[in-house]
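S.K.: A structural model of the following input is requested.
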Amino acid sequence: MNPIDEIFLAGLTAFGRHGVYEHERENGQEFAVDLRLNLDLADAAASDDVADTVHYGELADKVVEIIEGEPVNLIETLAERIADVVLADERVLFVAVTVHKPHAPIAHTFSDVSVTVRRGRQEAR
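M.R.: Okay, the predicted model is just below:
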């Protein structure tokens, strides 16, 4: 099965203390996350029942807990942890997680830096 349905949550923002440098851990900064979930939404559309889909409000709560939780050095690690939580819901076949770090300690003018990981279930590939 190749899922074509999608739930997209963009710009979920929370304060975290992730980074390689001590000042990033001490001062913290905002991180933004985009989630793109691929799954079959036919049951939810037919039933009109939130129990038949991924409740994106509850998912947002879980992602914010990760962002605000235990610090990591790399946003790659943060993205992987978020992907693991998303894939804990067996209805999700694939997920793309983008973590934005717009205040990264870069000595040049830039608008954003981000990392995207794409993960899926082995049986869905």
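S.K.: check which helix or strand covers the residue most central in space within the chain.
M.R.: In the chain, the centroid-proximal residue (CA atoms, centre = their mean) is residue 97; its distance is 4.2 Å. Assigned by DSSP states H and E, residue 97 belongs to strand 94-100.
S.K.: That strand packs against which elements?
M.R.: Packing partners of strand 94-100 (3 or more CB pairs under 8 Å, 6 or more residues apart in numbering; DSSP states H and E): strand 29-38, helix 75-87, strand 114-120. Bear in mind the C-beta positions are built from the backbone N, C-alpha and C, glycine included.
S.K.: List the neighbouring strands of that strand plus their orientation.
M.R.: Taking DSSP bridges as the criterion, strand 94-100 forms sheet pairs with strand 29-38 (antiparallel), strand 114-120 (antiparallel).
S.K.: Deepest-packed of those, please.
M.R.: strand 29-38 (a mean of 20; mean count of other CB atoms under 10 Å).
S.K.: and stretch 69-76, what's its mean pLDDT?
M.R.: For stretch 69-76, the mean pLDDT works out to 98.
S.K.: Now do the buried residues in that stretch.
M.R.: Residues 72, 75 are the ones in stretch 69-76 that count as buried (16 or more other CB atoms under 10 Å).
S.K.: And it, end to end?
M.R.: For stretch 69-76, the first-to-last residue distance is 15 Å (CA to CA, to the nearest Å).
S.K.: what residues are up against the nearest residue to residue 95 once chain neighbours are set aside?
M.R.: Leaving aside its chain neighbours, residue 95 sits nearest to residue 86 (4.4 Å; criterion: CB to CB, 6 or more residues apart in numbering). By CB atoms under 8 Å, 6 or more residues apart in numbering, the contact set of residue 86 is 35, 37, 59, 92, 95, 97.
S.K.: Verify the assumption that residue 46 is located in a helix.
M.R.: Yes: residue state for residue 46 (DSSP: H, G, I helix; E, B strand; the rest coil) corresponds to a helix.
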